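K.L.:
dropping a prediction and its sequence here:
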Amino acid sequence: MSQLVVIILAAGQGKRMQSDLPKVLHRLGGLTLLEFVVEAAYALDPAEVLVVYGHGGDRVPQTLPNLKVTWIPQSVQLGTGHAVMQAMPDTPDEATVLVLYGDVPLIKQTTLEQVVAQASETSLGLVTVDLDAPTGYGRILRNAEGAIQGIIEERDADSQEQAITEVNTGILAANAGRLRRWLASLKQGNVQGEYYLTDIIALAAQDGIAIHSIAPNATEEVLGVNDRLQLASLERYLQRVQAEELMRSGVTLRDPARLDIRGTIRAGQDVIIDVNVVLEGQVALGDGVSIGPNVLIRDSEIGPDTQILANCVIEQARAGARCQIGPFSRLRPGAHLSDGVHVGNFVEIKQSQVGAGSKINHLTYVGDSDVGKRVNIGAGTITCNYDGAFKHRTIIDDDAFIGSGTELVAPVKVGAGSTIGAGSTITHDTPPGQLTVARNRQVTIRGWKRPVKPTSKAP
């Protein structure tokens, strides 16, 4: 079997996007359009993936420096045929070339495998699709026997040709040597004055090459993104597909249309997700996790049987088993809750470890802290971790009880079993097992009168 070289065309400006951002850098399901296509290409185990870019200068490779591709600049955009020419010089004649498009993000591996299987020195694979409304697409021209003879772009088609509903998706696979010769024969004799890659189909037919059409399983696989309406339409389709995959794996979605997945999700059985939940990046949900409405979880791991109540934000954090989080809690990067932790309303935690069975239930900030087991932190407590230049840690040992309205000024350590009286400002380590109170003595000033604004007299 010949080696496979994938060429992805990503040089288009995308004027209808009405954006300074190159079209292939717009996002779908959390990834750029181009990342989707590169992922599909690598599923085929190619020898090389080449991306032809142009509009936006080096912005595309600069934005995606970690893509394992060879970047090919197209300094002047003279059409799709010209773009493929830029990627051909080092491709051996015996290779198979697969042409993909950076703005057609949802193409599936199974479809690509079929089209590549049709490419040889005597045949060519072409992905086509029937559309009820084919506006904007090149039409497939067949002879009386049904064999493909060529493609006519819509702007160059007459009314009879425009009535054809079978259209070209642009995705094709061919022998590299033959493709190189066809590219060299392309002319600019069209309305746009460009080198159309589609013209090679007629050249192949003239050479007696069998042109095999491959139909995708779903039309959405081959739909391109040319404006924001199309981008939004594909977004909703992708979200529905991902929601269905989750439900098949044992997840209950209260409303599949009101879940957004922008990354990779691993979910156990009997997970329940309420409406308006957004899952971003790498998210792992253990068995029995329950997520309330209006929750954002990004790059986090949630342990089995943990309950996340409404309106929480969790990012780059971990929660153990049987935790209760929320409502209105925020776990920032580096927050790690052990098993059985309770974090309540309007609590913010970052860069902190919270031991098993501890409770932080109301209106509290815990930052840069190590909280032990079975600790109770009262409402309105603050760890004062930042001195204006450096962060300092607070250590709260097992079984400590922190009274409401306490300020723990780091670096400071609260001993095991300590009790801190409400309203205290703790600036020194506290001994284990003792009550520590740090507040001014209450004083009542008798006879004091509150100032009163003078009343103005009418003239």
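P.N.:
On my side now, so go ahead. None of the values given here were measured: they were computed from a predicted structure.

K.L.:
the strands in the stretch 151-300 of the chain, which residues?
P.N.:
166-175, 210-214, 252-253, 259-267, 272-273, 277-285, 290-291, 296-298 (DSSP state E, counting those that start in this stretch).

K.L.:
dump those strands to JSON lines, plus mean neighbour count.
P.N.:
Heads up, the C-betas are built off the backbone N, CA and C, glycines and all. Listed next are the strands of the stretch 151-300 of the chain as JSON lines, based on neighbours: other CB atoms under 10 Å:
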{"stretch": "strand 166-175", "mean neighbour count": "24"}
{"stretch": "strand 210-214", "mean neighbour count": "19"}
{"stretch": "strand 252-253", "mean neighbour count": "15"}
{"stretch": "strand 259-267", "mean neighbour count": "18"}
{"stretch": "strand 272-273", "mean neighbour count": "22"}
{"stretch": "strand 277-285", "mean neighbour count": "20"}
{"stretch": "strand 290-291", "mean neighbour count": "22"}
{"stretch": "strand 296-298", "mean neighbour count": "21"}
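
K.L.:
dump the residue contacts of residue 169.
P.N.:
For residue 169, the contact set (CB atoms under 8 Å, 6 or more residues apart in numbering) comprises 104, 127, 128, 129, 137, 216, 222.

K.L.:
buried ones among those residues?
P.N.:
Among the contacts of residue 169, those scoring as buried are 104, 127, 128, 129, 137, 216, 222 (criterion: 16 or more other CB atoms under 10 Å).

K.L.:
domains in this structure, by residue range?
P.N.:
4-222, 228-436 (automatic domain parsing).

K.L.:
as a markdown table, these with mean pLDDT and distance to residue 445 would be great.
P.N.:
Formatted as a markdown table, these follow (pLDDT from 0 to 100; distance: least, CB to CB, whole Å):
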| stretch | mean pLDDT | distance to residue 445 |
| --- | --- | --- |
| domain 4-222 | 93 | 61 |
| domain 228-436 | 97 | 19 |
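
K.L.:
any chance of these in TSV with distance to residue 455 as columns?
P.N.:
Output for those, formatted as TSV (distance: least, CB to CB, whole Å):
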stretch	distance to residue 455
domain 4-222	60
domain 228-436	37
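
K.L.:
just the helices in the protein please.
P.N.:
33-42, 59-63, 80-87, 109-117, 159-162, 176-184, 199-206, 228-248 (DSSP state H).

K.L.:
surely residue 362 meets residue 345?
P.N.:
Yes: the criterion here is CB atoms under 8 Å, and residue 362 meets it with residue 345 at 6.3 Å.

K.L.:
if we can go back for a sec, can you add distance to residue 334 and give the buried ones among the contacts of residue 169 back as CSV?
P.N.:
Listed next are those as CSV, based on distance: CB to CB, whole Å:
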residue, distance to residue 334
104, 39
127, 46
128, 51
129, 48
137, 50
216, 44
222, 43
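
K.L.:
okay, and which of those map to strands?
P.N.:
127, 128, 129 (DSSP state E).

K.L.:
make sure the first one is actually in contact with residue 222.
P.N.:
So the one you mean is residue 127. Yes: the criterion here is CB under 8 Å, and residue 127 meets it with residue 222 at 6.1 Å.

K.L.:
joint contacts of those two?
P.N.:
Common contacts of residue 127 and residue 222 (CB under 8 Å, 6+ apart): 107, 111, 169, 171, 216.

K.L.:
show me the contacts for residue 358.
P.N.:
338, 341, 342, 371, 372, 373, 374, 375, 376, 377.

K.L.:
rerun at 6 Å
P.N.:
Listed by CB atoms under 6 Å, 6 or more residues apart in numbering, the contact partners of residue 358 are 341, 371, 375.

K.L.:
ok, the shared contacts of residue 127 and residue 222 vs residue 67, which is closest?
P.N.:
Of all these, residue 107 has the smallest distance to residue 67: 16.8 Å, by CB to CB.

K.L.:
burial check on the closest one, number of neighbours?
P.N.:
By other CB atoms under 10 Å, 23 other residues sit near residue 107.
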